[in-house]
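Q: Have a look at this prediction, sequence included:
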Amino acid sequence: MLHIKCPYCGMRSQNEFAYGGDATVKRPELNKEVSDEEWNKFVYLRKSPRGKHLELWHHISGCRQWFKVQRDTITHEIFKTAEISEDI
Amino acid sequence: MTTVSSLKNIHKKGLFGDHEGKKEDSLIGIKEIKNLLIVQVAQYKNSSYQAKEISIDGLSLPEEALKISCNDGTRILWCGPKNWLLISRNKDLLKNIKKIVSEKDFAVTDLSHSRTIIEIEGENSKEILKKGCPFNFNELKKDNSVNSVFNGIAITVDMIEENPNIIRVFALRSFGESLYHSITDACLEFGYRGI
């Protein structure tokens, strides 16, 4: 079982969290013309890296906040967590 | 409005589990807590109001995880950043809260009828929670609270007293029966007293 350090609550069990996907994906700017290809890339295309990965997690059974996690997809080691507005 | 207990016809009084040959006082006590005012106070994300300045029933809003502000009748639990759960025996407090906090900055929601509250008391009460909840209960001290899960049910735990432990567990009312059975099953090996 993983233990994840929520930036608000501290170290908690993975059972309390929900995975929220790739944190590097950026939504195309609002009110800007977006091609089908760009939109398709934003909605569907994801990388599946082997190694360090920046992810979104939701402390769904705790403080209900979203935050960023830098995790190794091979070893599951968690290097760093940060509030959503912070950079890792 | 008449209130109907969420554990009506479910919570049974008496002695259960492995209670034979044990003193009644040493058994775990399970009780349903009713008729409390439960209010969620949430500050809007775009609000810049200093929550520290607010005083409800003489209590400030806690700003750290696990923390509680409390007096004899009222407890304010930290539930997340800019999010608090107020529990009180004083039902008139809701009107006061609405006067104290501005509608522009805070959402105040009465949740009194939407929660089941089970109080567990006794020496082994933390052991019961450890069976279904991944939180390290050794860290939980008097006047601390935590949001977590118990056998998949989202719960809020409020540590009222230490030595002997008195712990309140809050869950959504619709999960009340399931939570009650989960807790009482976990209590069987110690023996418990339905109060």
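A: Done, it's in. Numbers count the residues shown, from 1 in each chain, chains lettered A, B, ... in the order given.

Q: And the residue lying farthest from the centre of chain B, how close does it get to A:Thr24?
A: Within chain B, B:Gly21 marks the point farthest from the mean C-alpha position, 31.5 Å out by Cα atoms, centre = their mean. Separation of B:Gly21 from A:Thr24 (Cβ to Cβ, to the nearest Å): 62 Å. To be clear about C-beta, it is placed using only N, CA and C from the backbone, and glycine gets the same treatment.

Q: Closest to the centroid, which residue in chain A?
A: The centroid of chain A falls nearest to A:Leu56 when counting by Cα atoms, centre = their mean (1.6 Å).

Q: before we move on, what SS does the residue farthest from the centre of chain B have?
A: coil (DSSP: H, G, I helix; E, B strand; the rest coil).

Q: mind checking pLDDT for it?
A: B:Gly21 carries a pLDDT value of 92.

Q: For it, which residues are in contact?
A: If a contact means Cβ atoms under 8 Å, 6 or more residues apart in numbering or on different chains, then B:Gly21 has no contacts.

Q: Determine how far the longest helix out of those in chain B lies from the middle of the whole chain.
A: If you go by DSSP state H, chain B has its longest helix at helix B:176-187. Helix B:176-187 has its C-alpha centroid displaced from the chain centroid by 15 Å (Cα atoms, centre = their mean, to the nearest Å).

Q: The longest strand along chain B vs chain A: in contact?
A: Identified as the longest strand of chain B according to DSSP state E is strand B:153-161. Yes - counting by Cβ under 8 Å from any Cβ of the partner chain, chain A is contacted by strand B:153-161 at B:Ala154.

Q: What strands line up against that strand, and which way round?
A: Here strand B:153-161 has these sheet partners by DSSP bridges: strand B:145-150 (antiparallel), strand B:166-172 (antiparallel).
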